[in-house]
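here you go, sequence then predicted model.
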Amino acid sequence: MELHAVADVPEIRPGDDLAGLVAERFDLESGDVLTIASTVVSKAEGRAADLADFPASPRAREIAGRLEELTGEEKDPRFAQAVLEESTEVLMEAPFLLTESRFGHVSVNAGIDRSNVPDHDLLLLPKNPTASAERIRAGLPTDVPVIVTDTCGRPFRHGQRGVALGWAGMPASRDWRGERDRDGRELGVTVQSIVDELAAAANLVTGEGADGTPAVVVRGWEFGDLEGSNELFREVETDFVRQALRGWSYEP
Ligand code: GDP
Ligand code: MN
Ligand code: MN
């Protein structure tokens with residue numbers, strides 16, 4: 001398996017054709033997987049925004065005020081407002097904002113970035129990353145799966161890593177249930193989140209700063225006709241950690 005950064009990708013502007021930009025710079029082959037950082041998908045989709053676009057509601061002021069007290073850092077209530085508007089549920093208000101996005105992804109600050117956004121204050125995540133992945137895939141000269149990624153923290157672990165926000169052309173997961181281990185025991189629970197694993201691998205090449213390599217081609221890894229599933233984001237009904245959070249509040 002190989003990972004190739006697509007070289008010489010320019011600064012992405014609203015309306016840019018990401019599929020075309022990649023195809024001009026890299027000869028995709030059948031069996032490749034293209035990963036692309038949500039940052040540039042957002043830029044192409046015009047998702048850069050300014051704090052002034054988000055006049056703060058009383059709730060946003062309250063959240064920002066509490067965060068300011070807790071952290072001793074200045075918090076702009078308009079940023080809290082942007083997070084609220086991008087979210088369908090607030091899971092934690094303090095000591096940081098953890099929310100579910102409109103497309104089901106749970107992340108800190110609704111995944112809104114304040115880095116790698118020239119001329120604007122904020123970069124919102126793509127509205128529907130799976131639709132973005134489908135559009136990019138449809139624009140490529142070779143039919144390969146596309147994964148839209150973001151860098152994201154994980155509960156229980158330090159550090160951040162690449163995760164999949166949206167995907168097209170392959171299932172999200174490989175379902176191992178019903179297959180057997182080396183001793184012949186049937187696997188009962190293992191559903192391997194392939195799109196997250198490919199996103200994490202690609203993120204090693206993408207980098208997080210000024211690298212300028214938002215698109216990575218994974219070569220030599222094919223999903224083939226394995227058993228798969230398209231579930232990635234848990235439903236609340238079976239997400240017991242999330243249910244536990246609903247009854248929790250931060251006490252310093
Ligand atoms: P995120 O993980 O999707 O939030 O994106 P990052 O901010 O971590 O950036 C991922 C990669 O894309 C890094 O290598 C950045 O330098 C690069 N990047 C961000 N914006 C652009 C752009 O407009 N053009 C190019 N060529 N690279 C970019
Ligand atoms: Mn990001
Ligand atoms: Mn990143």
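On my side now, so go ahead. Ligands and ions are numbered 1, 2, ... in the order given.

may I have the beta-bridge partners of the residue lying closest to residue 213 once chain neighbours are set aside?
Excluding the flanking residues, the one nearest residue 213 by C-beta to C-beta, 6 or more residues apart in numbering is residue 5, at 4.0 Å. (Glycine included, C-beta is placed from N, CA and C.) Judged by DSSP bridges, the bridge partners of residue 5 are residue 216.

which strand runs longest in the chain?
Counting by DSSP state E, the longest strand found in the chain is strand 157-168.

can you dump the C-alpha atoms of that strand in CSV for me?
This file holds the C-alpha atoms of strand 157-168, laid out as CSV (Å, rounded to 0.1, in the frame of the first residue of the first chain):
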residue,chain,number,x,y,z
ARG,A,157,-6.8,9.7,24.0
HIS,A,158,-4.4,12.7,23.7
GLY,A,159,-3.7,14.1,20.3
GLN,A,160,-5.6,14.4,17.1
ARG,A,161,-5.8,12.3,14.0
GLY,A,162,-7.5,12.1,10.6
VAL,A,163,-11.1,10.9,10.4
ALA,A,164,-13.6,10.5,7.6
LEU,A,165,-16.4,13.0,7.4
GLY,A,166,-17.9,11.8,4.2
TRP,A,167,-17.2,9.1,1.6
ALA,A,168,-18.3,7.9,-1.8
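
buried ones in stretch 165-181, by neighbour count?
For stretch 165-181, burial by neighbour count (16 or more other C-beta atoms under 10 Å) applies to 165, 166, 167, 168, 169, 170, 171, 172, 173, 174, 175, 176.

in a markdown table, list the residues you listed along with distance to residue 1.
Shown next, in a markdown table, are those (distance: C-beta to C-beta, whole Å):
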| residue | distance to residue 1 |
| --- | --- |
| 165 | 22 |
| 166 | 22 |
| 167 | 18 |
| 168 | 20 |
| 169 | 17 |
| 170 | 15 |
| 171 | 18 |
| 172 | 19 |
| 173 | 18 |
| 174 | 15 |
| 175 | 21 |
| 176 | 19 |
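
from the residues you listed, pick the one nearest ligand 1.
The nearest member of the buried residues of stretch 165-181 to ligand 1, counting by C-beta to the nearest ligand atom, is residue 165 at 8.6 Å.

wait, the residue nearest to residue 213 sits on residue 205?
Yes: Residue 5 lies in contact with residue 205 (C-beta atoms under 8 Å); the separation is 4.9 Å.

list the residues that contact both of the two?
Common neighbours of residue 5 and residue 205 (criterion: C-beta atoms under 8 Å, 6 or more residues apart in numbering): 213, 216.
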